[in-house]
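Undergrad: Build me a model from this:
(one chain, ligands or ions: 1)
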Amino acid sequence: MSRPDKKLIHRIEELRERINHHNYRYYVLDSPEISDAEYDRLFDELVELEKRYPGLITPDSPTQRVGAAPLEEFKTVRHSLPMLSLNKATAEAEFLDFHRRVLELSGLSEKEIRYTVEPKFDGLAVELVFERGIFSLGSTRGDGVVGEDVTLNLRTIRPIPLRLMGSPNPDLIEVRGEVIMNKEDFETLNKKREKTGEALFANPRNAAAGSVRQLDPKITSTRPLNMFAYGTGRVEGKELTNHWDSILYLKGLGLKISHYIELCEGVDQVKAYYQRILELRNDLPYEIDGIVIKVNEFSVQAKLGELSRSPRWAVAWKFPAQQENTTIRDIIVSVGRTGALTPVAMLKPVRVGGVEVSRASLHNEDEIRKKDVRIGDTVVVQRAGDVIPEVVKVIASGRTGKERKFTMPDRCPVCGSKAERPPGEAIRRCTGIACPAQIKENLAHFVSKGAMDMDGLGHKLLEQMVDKRIIQDQADLYLLKKEDVMRMDRMGDKLAENLLRAIQNSRNPSLTNLIYALGIRNVGYHLAGVLARHFKSMDNLGRQTTEDLTRVHEIGPIVAESIYNFFHNPKNLRVLEKLKKGGVTFPVARAEPREAPFAGKTFVLTGGLDSFTRDEARKAIEDRGGRVSSSVSKMTDFVVVGRDPGSKYETALRLGVKALSEEEFKKMVGR
Ligand code: IVH
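TA: Presented below is the predicted three-dimensional model:
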């Protein structure tokens with residue numbers, strides 16, 4: 001290994017600065033200046049140089065965000081100044097009480113008082129310590145006095161700088177703020193988890209908090225977290241006299257600051273701000289639950305002082321819950337993919353938290369009985385995040401006596417077949433095998449991502465195809481001709497061809513995708529993978545008894561019964577046969593599990609391979625019983641190192657994980 005010359009050292013420093021700058025543009029300002037590809041080039045060059053000269057790697061290098069091994073437990077951190085919580089105001093009058101007390105205790109007049117106002121972020125409070133500009137310690141708020149050391153996790157959050165911008169840096173600064181997850185990222189994360197069969201997060205706050213309090217920083221690094229700074233703790237080497245200046249100072253150091261922090265003179269400006277942010281609330285990309293009002297001058301803050309857990313100089317003015325009253329005009333019953341009948345309240349439209357709501361789920365008949373919901377009732381409806389609105393309760397005093405009780409039908413409202421509720425279950429289901437509602441929902445599932453993945457075949461199109469009797473089951477999609485597709489509304493030549501191509505291109509699914517696509521009740525994407533790996537072919541899976549099935553780890557009696565029933569329903573068997581005839585390949589894995597040479601072995605792939613695409617390499621490993629992981633840890637058995645490997649190679653060397661060249665890997669898989 002050669003010694004780095006001055007030019008190289010300079011280049012490394014220059015790359016770090018440029019990468020930090022572009023990180024800042026992208027993650028803090030949301031305003032990138034270069035393309036992802038250009039960014040990757042800079043990043044790759046730095047990785048390459050650091051690989052050649054590992055002695056030059058510094059902890060604050062942008063390549064060093066991820067890579068730490070999982071922890072056994074978090075260490076505790078005592079905050080040098082307690083992290084207080086906030087008193088709450090839930091109505092204007094309570095805010096005015098706060099204001100009156102502030103004037104009284106400070107001796108200031110209405111004209112003299114200034115407040116900084118900011119959104120109240122709904123996430124997890126953290127403290128970041130920067131020593132001479134370098135991020136050295138990050139902790140959760142905990143009980144306000146002692147929190148947990150989550151430094152390694154916070155390092156993976158892109159808007160958190162590893163090194164502060166500007167100079168000179170303060171000797172020490174404690175930055176306080178909130179780690180949050182944007183609404184859209186939360187939705188995407190939950191969708192992914194649904195597919196893999198993992199438990200869903202209830203809301204973005206839980207997702208953010210759960211991700212920060214993860215013992216494995218690698219997992220945190222895969223979570224799309226965001227952070228806003230809203231204050232300081234201890235500061236050494238910089239004089240700050242008011243909150244507003246400290247926010248501007250933090251901004252200059254490269255921390256992410258909300259666009260909506262403002263300085264107000266007098267209560268009217270605060271009231272107007274509250275109203276403005278309340279109206280904006282649903283358009284913001286992240287969740288907020290109110291505004292925070294802080295006395296601006298530190299000297300005035302000091303005079304007002306603190307109670308045991310919260311300061312007298314700040315208050316959180318919370319937004320009302322996203323609930324409204326309205327009336328139920330009707331209760332209808334919708335039919336899902338599995339035939340489940342769900343009662344839905346049709347409401348007199350009402351705006352809840354800025355969104356018009358005209359229907360709300362009533363879940364099932366037991367819920368209706370428990371809440372005693374009747375047609376004509378005045379009810380409280382609620383929206384939480386982006387979930388389906390629901391009826392919270394009936395306002396009994398609103399009853400006139402004209403309300404009508406609702407009973408669940410014992411026939412499917414769509415196809416008229418008997419709807420049965422098995423003993424012990426809350427859900428009534430349509431038993432019709434040709435129920436159009438079920439067919440439509442099943443088709444939508446069949447074509448979706450993770451299943452057969454047919455691009456461009458939306459719900460509306462499928463609905464039309466079923467209504468026009470162009471298709472009746474999943475297999476009919478593969479028998480479609482151009483003239484069939486042309487019968488759809490607003491269909492053009494090009495679109496029809498694209499659709500047919502998307503259908504044709506989906507004929508060779510993986511076994512996992514195919515099993516998942518069938519929509520077997522209780523079998524999500526994750527379990528489909530378990531079944532595929534264990535049983536190796538659809539035919540073999542279809543032959544298993546419930547007893548055989550429950551022998552598989554993760555398959556319980558309920559899932560086993562669903563699978564068994566699916567393969568013993570003549571209609572499903574007909575569809576499977578038709579799919580084969582339509583040209584869909586039913587993959588069969590080669591190796592039997594017991595003979596699998598890579599059983600129990602975990603591989604990580606890094607860099608480009610010449611003889612395999614990433615997917616082929618993955619398949620080669622999985623077909624032999626091995627597992628592919630995206631990150632290197634002590635549990636990794638082999639790292640396959642291709643051209644221009646990433647930091648995973650470094651980690652492998654550091655942890656002593658065996659590295660395989662492409663040639664060695666080829667030999668192992670017998671190519
Ligand atoms: S200031 C003494 N500002 O609210 C001041 N807190 O109930 C303490 N929060 O634990 C915090 N947005 O998690 C402050 N703009 C904001 C905030 C904020 C959200 C949270 C924070 C804190 C809790 C206090």
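Undergrad: Going by C-alpha atoms from here, please, whenever you check contacts or count neighbours.
TA: Noted.
Undergrad: Show me which residues of this protein sit near the ligand.
TA: Within the chain, the residues that sit near the ligand (C-alpha under 6 Å from any ligand atom) are 84-86, 118-122, 124-125, 178, 230, 292, 311.
Undergrad: residue closest to the middle of the protein?
TA: Among the residues of the chain, the one closest to the centroid is Leu189, at 2.3 Å (C-alpha atoms, centre = their mean).
Undergrad: Now do the buried residues in the helix or strand harbouring it.
TA: Per DSSP states H and E: Leu189 is located in helix 183-196. Residues of helix 183-196 classed as buried: 183, 185-187, 189-190, 193, 195-196 (neighbour count, 16 or more other C-alpha atoms under 10 Å).
Undergrad: swap in stretch 457-471?
TA: By neighbour count on 16+ other C-alpha under 10 Å, the buried set for stretch 457-471 is 457, 459, 461-466, 470-471.
Undergrad: Sketch out the strands for the stretch 401-550 of the chain, chain order is fine.
TA: Using DSSP state E, counting those that start in this stretch, the strands of the stretch 401-550 of the chain run over 419-420, 429-430.
Undergrad: winner for burial among those?
TA: strand 429-430 (a mean of 24; mean count of other C-alpha atoms under 10 Å).
Undergrad: can I get the strands of the stretch 401-550 of the chain in CSV with distance to Lys51 and mean pLDDT?
TA: Putting those into CSV (distance: least, C-alpha to C-alpha, whole Å; pLDDT from 0 to 100) gives the following:
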stretch, distance to Lys51, mean pLDDT
strand 419-420, 64, 94
strand 429-430, 60, 92
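Undergrad: Nearest to Asp410, out of those?
TA: Closest approach to Asp410 among the strands of the stretch 401-550 of the chain is made by strand 419-420 (5.0 Å; C-alpha to C-alpha).
Undergrad: what comes into contact with that closest one?
TA: 409-412, 428-431 (C-alpha atoms under 8 Å, 6 or more residues apart in numbering).
Undergrad: The residue of the stretch 551-671 of the chain found nearest the ligand - nearest residue in space that isn't next to it in sequence?
TA: Going by C-alpha to the nearest ligand atom, the ligand is nearest to Ser631 of the stretch 551-671 of the chain, at 31.3 Å. Using C-alpha to C-alpha, 6 or more residues apart in numbering and skipping the chain neighbours, the partner closest in space to Ser631 is Val604 (6.5 Å).
Undergrad: Kindly list the main-chain dihedrals of the one you found?
TA: Its backbone dihedrals place Val604 at phi -130, psi 140, with angles given as degrees, to the nearest 10.
Undergrad: Do a quick rundown of the strands in the stretch 551-671 of the chain.
TA: Assigned by DSSP E, counting those that start in this stretch, the stretch 551-671 of the chain shows strands spanning 602-606, 627-629, 638-641, 658-660.
Undergrad: Adjacent strands (with direction) for the first one?
TA: The reference is to strand 602-606. Here strand 602-606 is paired, per DSSP bridges, with strand 627-629 (parallel), strand 638-641 (parallel).
Undergrad: Same check on the last one?
TA: Each strand that pairs with strand 658-660, with its direction, by DSSP bridges: strand 638-641 (parallel).
Undergrad: Distance check, the nearest residue to Lys634 once chain neighbours are set aside against Glu662.
TA: Spatial nearest neighbour of Lys634, excluding adjacent residues (C-alpha to C-alpha, 6+ apart): Leu655 at 6.4 Å. Leu655 is 20 Å from Glu662, where distance means C-alpha to C-alpha, to the nearest Å.
Undergrad: Those two - which one has more neighbours?
TA: Glu662 (18 against 15; other C-alpha atoms under 10 Å).
Undergrad: So that one sits against Gly607, correct?
TA: No: between Glu662 and Gly607 there is no contact, the gap being 10.0 Å when judged by C-alpha atoms under 8 Å.
Undergrad: Show me the common contact partners of those two, please.
TA: Common contact partners of Glu662 and Gly607 (C-alpha under 8 Å, 6+ apart): 641-642.
Undergrad: Spell out which helix or strand contains Val126, please.
TA: In this assignment (DSSP H and E), Val126 forms part of strand 124-131.
Undergrad: Against which helices or strands is that strand packed?
TA: Other helices and strands packing on strand 124-131, by 3 or more C-alpha pairs under 8 Å, 6 or more residues apart in numbering; DSSP states H and E, are strand 134-140, strand 172-180, helix 204-212.
Undergrad: Output the contacting helices and strands for the first one.
TA: In this structure, strand 134-140 packs against strand 124-131, strand 146-148, helix 151-155, with contacts taken as 3+ C-alpha pairs under 8 Å, 6+ apart.
Undergrad: any idea which of the ones you listed scores lowest on pLDDT?
TA: The minimum mean pLDDT among those belongs to strand 146-148 (a mean of 92).
Undergrad: So what are the sheet partners of that strand and their directions?
TA: strand 76-78 (antiparallel).
Undergrad: Pull the residues that contact whichever helix or strand comes after the strand it pairs with.
TA: Downstream of strand 76-78, the next assigned helix or strand under DSSP H and E is strand 87-89. Residues from elsewhere that reach strand 87-89, judged by C-alpha under 8 Å, 6+ apart: 95, 310-311, 314-318.
Undergrad: Let me see the confidence value for the nearest residue to Val414 once chain neighbours are set aside.
TA: Among residues not flanking Val414 along the chain, Ala437 sits closest, at 6.4 Å (C-alpha to C-alpha, 6+ apart). At Ala437, the pLDDT value in this model is 91.
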